[in-house]
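Asks: This is a predicted model, with the sequence first.
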Amino acid sequence: MTVELGSAPLRGLAVERQTLPALLELQAAAWGEAPLLRIGATERTYTDVRDVVARTAGTLAAAGIRRGDRVAMMCENRPELLELILGCAWLGAIAVPVNTALRGVQLRHVLENSGARTIAIDSALLDVLGHAGRPEALEEVWALDGVPERVPAGYRVVPPPDGAEPVPAASVGPGDTLAILYTSGTTGPSKGVCCPHAQFYWWGMHVSEWLQIRRGDVLYTCLPLFHTNALNAFTQALVSGASYVIGPRFSASRFWSRAAEAGADVSYLLGAMVNILWAQPPSEADRAHNVRVALAPATPPRLIEPFRERFGTDLVEGYGSTETNAAIGQRSGSSQIGRMGRVIDGFEALVVDEHDRPRPDGEAGELVLRHREPYAFATGYWRMPEKTVEAWRNLWFHTGDRVVRDSDGSFRFIDRLKDAIRRRGENISSFEVEQVLMEHRAVAAVAVFAVPSELSEDEVMAAVVAEEGVSVEPVELIRHCEPRLAYFAIPRFLEIVDELPLTENGKIRKAALRERGVKATTWDREAAGYELSR
């Protein structure tokens, strides 16, 4: 059973025009001087955005960037970040937005795997770049806030180029890669998801229909542009004739007042953010805003109705991923509590067993998805053909999520398969965390796995076996992790154990560890009052 959610303004656009340059040209002609973008003090109309993007593409071309080249960006939300992403799209280059929390081997892997020739970076993050080692392909670093006196050894650090003339939009196709977005795997390094132009178009179409975005609406986000959520919120605004406002990073005490200042009608939350907002003491700001709806995946079902009553905001569930699209969802005002929704027209979904045989309604299995519209999903993993074949085997994308399809056609999320960890909207590779912990001289063996969080989604836990005759303190292990891992990947819970449970062929039985979970003897970083440096 599929569901048609109504028609967004640009539904039915010819596939050849499902590219970011075409959308920018089309909507600039349609809406001209209407506001499209606001970040801090920067405000731009539809015409302004198109023209700035054409100039940014000209700047990239003058700096030697050519079609197909990768350009990395590692910075907080700022106008230059979105300009560079869209400038790459205009030129036919490929944007590589990098999570600002990445450190050490994680950051080096992203830069080496992408083969980025250039990285634009917040000047405050140059030291982080220096500790990652210099990737061979990286030729130049653009320091967005000016070149400091001390720069990482071996890097050519210069101010960002400026002043080039605009260039016409390149003849890019809907299947050409617009961006490589890195998402953590479970048994290996992060994978670069190749996201084509048309995938962004369809994200804009479907989520606009879920949220019933109207011409002139203000879409407000405080999520980072290096993730698909915030990037696709921009395309929702673009295809709908709406306005896109990017605010500072999430603050529980200031979220509603900032949304009110933005004039927001629509916003974007993660399940943990919903919990955090709900836990705030009641205030006048709770209703002093006009946010009628928020996209809020992974919201605890028990909070959906109370949240609407307290804040006046409808929370809309749904299912999508960096590799797929807004494939399963609900429409604002008609949501089923505790359900992700039904498969959207244009997509197919099955619940399957370990051999990809369909499971009957009511029985849990892995969710697999595919699309009927050209280029609506990612096209694979950058420079990881074996991982691409594995994930898209039998011509279905395997999500790694365990779900149930009910008899009415709606889907319920149960849990994640294997070792996937998702903490407050961030995907975490247990493999990468384990590799860092194993570098510590006192660690003989380690297993990293997910345990439930009181805020929804997961917390990171590690069971550690010390080298014989050596003692190890949890705080020592956390300090070891801080310069080597993103803060969100550093374990909250640590258990020093004598041995790890193994299968008959010597593999760690993580299911047994997850089942055992947090015990009275488990060290809790938050309960111990340990503050991570960021």
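Replies: Now that the structure is in, tell me what you want to look at.
Asks: When you work out contacts or count neighbours from here on, use the C-alpha atoms and nothing else.
Replies: Will do.
Asks: Is Trp90 in a helix, a strand, or coil?
Replies: helix (DSSP: H, G, I helix; E, B strand; the rest coil).
Asks: helices or strands next to the strand or helix carrying Phe307 in the packing?
Replies: For Phe307, the element it lies in under DSSP states H and E is helix 301-311. Judged by 3 or more CA pairs under 8 Å, 6 or more residues apart in numbering; DSSP states H and E, the packing partners of helix 301-311 are strand 314-316.
Asks: what about the lengthiest helix in the chain, distance to the chain center?
Replies: In the chain, assigned by DSSP state H, the helix with the most residues is helix 46-62. In terms of CA atoms, centre = their mean, to the nearest Å, the centre of helix 46-62 is set 25 Å apart from its chain centre.
Asks: What's the first helix or strand after that helix?
Replies: Downstream of helix 46-62 (by DSSP H and E), the next one is strand 70-74.
Asks: and that next one, average pLDDT?
Replies: Per-region confidence: strand 70-74 scores 98 on mean pLDDT.
Asks: Specify the local secondary structure of Ser208.
Replies: helix.
Asks: give me every residue that touches the nearest residue to it once chain neighbours are set aside.
Replies: Excluding its sequence neighbours, the residue lying closest to Ser208 (CA to CA, 6 or more residues apart in numbering) is Gln236, at 5.6 Å. Contact analysis of Gln236 by CA atoms under 8 Å, 6 or more residues apart in numbering lists Trp203, Gly204, Met205, Val207, Ser208, Ala242.
Asks: For Ile180, see how far away the residue positioned nearest the centre of the chain is.
Replies: Nearest residue to the geometric centre of the chain (CA atoms, centre = their mean): His227, 3.2 Å. For His227, the distance to Ile180 (CA to CA, to the nearest Å) stands at 10 Å.
Asks: Find residues that contact each of the two.
Replies: Pro97.
Asks: Could you pull out the buried residues of the helix holding Phe307?
Replies: Leu303, Ile304, Phe307, Phe311 (16 or more other CA atoms under 10 Å).
Asks: likewise stretch 282-291?
Replies: Buried residues in stretch 282-291 (16+ other CA under 10 Å): Ala285, Asp286, Arg287, His289, Asn290, Val291.
Asks: can you check stretch 58-69 too?
Replies: Buried-residue list, stretch 58-69, by 16+ other CA under 10 Å: Gly58, Thr59, Leu60, Ala61, Ile65, Arg66, Gly68, Asp69.
Asks: phi, psi of the nearest residue to the fifth one once chain neighbours are set aside?
Replies: Right, the one you point to is Ile65. Here the nearest residue to Ile65 in space, its sequence neighbours aside, is Ala93; by CA to CA, 6+ apart that works out to 7.3 Å. The phi/psi pair for Ala93 (degrees, to the nearest 10) reads phi -80, psi 180.
Asks: what do you get for Leu36?
Replies: Torsion angles, degrees, to the nearest 10, at Leu36: phi -120, psi -40.
Asks: residues in contact with it?
Replies: So Leu36 contacts Glu43, Arg44, Thr45, Tyr46, Val49, Ala237, Leu238, Gly241, Ala242, Ser243, Tyr244 (CA under 8 Å, 6+ apart).
Asks: 6 Å instead, please
Replies: For Leu36, the contact set (CA atoms under 6 Å, 6 or more residues apart in numbering) comprises Thr45, Tyr46, Ser243, Tyr244.
Asks: Could you identify which of these has the most neighbours?
Replies: Tyr244 (30 neighbours; other CA atoms under 10 Å).
Asks: quick one: low-confidence ranges for this structure?
Replies: 1-8, 184-187, 332-335, 415, 418-420, 503-507 (pLDDT under 70).
Asks: re the thing from before, the residue nearest to Ser208 sits in which helix or strand?
Replies: helix 228-240.
Asks: would you list every one of the helices in the stretch 151-300 of the chain?
Replies: Assigned by DSSP state H, counting those that start in this stretch, the helices in the stretch 151-300 of the chain fall at 197-211, 228-240, 255-262, 271-279.
Asks: Nearest to Tyr155, out of those?
Replies: helix 228-240 (29.2 Å; CA to CA).
Asks: between the closest one and helix 197-211, how big is the angle?
Replies: 80 degrees (axes from the mean of the first three to the mean of the last three CA atoms, to 10 degrees).
Asks: tell me the angle helix 228-240 makes with helix 46-62.
Replies: Going by the same axes, to 10 degrees, helix 228-240 makes 130 degrees with helix 46-62.
Asks: before we move on, back to that, would you list the buried residues of stretch 58-69 in JSON lines and tack on distance to Trp396?
Replies: Below are those laid out as JSON lines (distance: CA to CA, whole Å):
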{"residue": "Gly58", "distance to Trp396": "39"}
{"residue": "Thr59", "distance to Trp396": "40"}
{"residue": "Leu60", "distance to Trp396": "37"}
{"residue": "Ala61", "distance to Trp396": "38"}
{"residue": "Ile65", "distance to Trp396": "35"}
{"residue": "Arg66", "distance to Trp396": "33"}
{"residue": "Gly68", "distance to Trp396": "27"}
{"residue": "Asp69", "distance to Trp396": "29"}
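Asks: Going by distance to His109, which of those wins?
Replies: Asp69 (17.5 Å).
Asks: quick one on the thing from earlier: which non-adjacent residue is nearest the residue nearest to the centre of the chain?
Replies: Per CA to CA, 6+ apart, closest to His227 is Leu181, 7.2 Å.
Asks: isn't the one you found right next to Cys195, touching?
Replies: No - the pair Leu181 / Cys195 is not scored as a contact, 7.3 Å apart, by CA atoms under 6 Å.
Asks: who has more neighbours, those two?
Replies: Cys195 (29 against 25).
Asks: Next, the contact list for the more buried one, please.
Replies: Thr177, Leu178, Ala179, Ala378.
Asks: what residues go with each domain of this protein?
Replies: Split into domains by automatic domain parsing, the chain comes to 39-172, 335-416, 421-524.
Asks: follow-up on the earlier one: so can I have JSON lines of the contacts of Leu36 showing distance to Gly154?
Replies: Formatted as JSON lines, the contacts of Leu36 follow (distance: CA to CA, whole Å):
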{"residue": "Thr45", "distance to Gly154": "41"}
{"residue": "Tyr46", "distance to Gly154": "41"}
{"residue": "Ser243", "distance to Gly154": "42"}
{"residue": "Tyr244", "distance to Gly154": "39"}
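Asks: Just the closest of those residues to Lys191, please.
Replies: Among the contacts of Leu36, and counting by CA to CA, the member closest to Lys191 is Tyr244, at 28.7 Å.
Asks: Might one say that that closest one is in contact with Leu219?
Replies: Yes - contact criterion CA under 6 Å: Tyr244 and Leu219 qualify, at 4.9 Å.
Asks: Spatially nearest residue to Arg66, not counting backbone neighbours?
Replies: Closest to Arg66 by CA to CA, 6+ apart is Ala93, at 6.2 Å.
Asks: do you know how far the one you found is from Val352?
Replies: 38 Å.
Asks: Between these two, which has more neighbouring residues?
Replies: The neighbour comparison of Ala93 against Val352 (other CA under 10 Å) goes to Ala93, with 27 against 21.
Asks: correct me, but the more buried one touches Asp69?
Replies: Yes - between Ala93 and Asp69 there is a contact under CA under 6 Å: 5.1 Å.
Asks: what pairs with Arg412 across the strands?
Replies: Per DSSP bridges, the residues bridged to Arg412 are Val404.
Asks: need the contact list for it.
Replies: So, once contact is read as CA under 6 Å, 6+ apart, Arg412 ends up touching Arg339, Met340, Val403, Val404.
Asks: Test my guess that the second one contacts Glu317.
Replies: Yes - judged on CA under 6 Å, Met340 makes contact with Glu317 at a distance of 5.5 Å.
Asks: who has more neighbours, these two?
Replies: Glu317 (27 against 23).
Asks: and that one, what does it touch?
Replies: Going by CA under 6 Å, 6+ apart, the list of residues near Glu317 reads Ala296, Pro297, Met340.
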